[in-house]
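>>> Just the structure for this:
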Amino acid sequence: MPKPYQKPHPPIWPRSPTTRCSPTTRCSVRRKPSDQLLALREQLGFTTLSLWMNPGGTIRNERVLTSMRLFAERVAPRLA
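Residues are numbered from 1 along each chain as shown. Below is the predicted model of the structure:
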């Protein structure tokens, strides 16, 4: 419950038929990352995006490079 002086934040993206919730888990929305980023851009109005593909430096280099390639091929074109 928010404190009386705090205004609750609206959800980042609206619930949809693909939203799954249960009493014991958080809601999860099955959306493509590009759809999530487009929704965030529309709501927040950002014009640039910084990515950190290997937080903490714990992911093997091959996987990081694959992640970067997939982002460049599948996600970035939709954001252009």
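>>> I'd assumed residue 67 was in contact with residue 53.
Yes - Residue 53 is in contact with residue 67 according to C-beta atoms under 8 Å; the separation is 5.2 Å. For every residue, glycine as well, the C-beta is placed using N, CA and C.
>>> Near residue 75, how many other residues are there?
Residues contacting residue 75 under the criterion other C-beta atoms under 10 Å number 18.
>>> In contact with it, which residues?
By C-beta atoms under 8 Å, 6 or more residues apart in numbering, the residues touching residue 75 are 32-34, 37.
>>> quick one on the thing from earlier: overlap in contacts, residue 53 and residue 67.
Common neighbours of residue 53 and residue 67 (C-beta under 8 Å, 6+ apart) are residue 59.
>>> Where does residue 49 sit: helix, strand or coil?
Under DSSP: H, G, I helix; E, B strand; the rest coil, residue 49 falls in the coil class.
>>> List the contacts of it.
By C-beta under 8 Å, 6+ apart, the neighbours of residue 49 are 37, 79.
>>> How much space separates it from residue 35?
According to C-beta to C-beta, to the nearest Å, residue 49 and residue 35 sit 15 Å apart.
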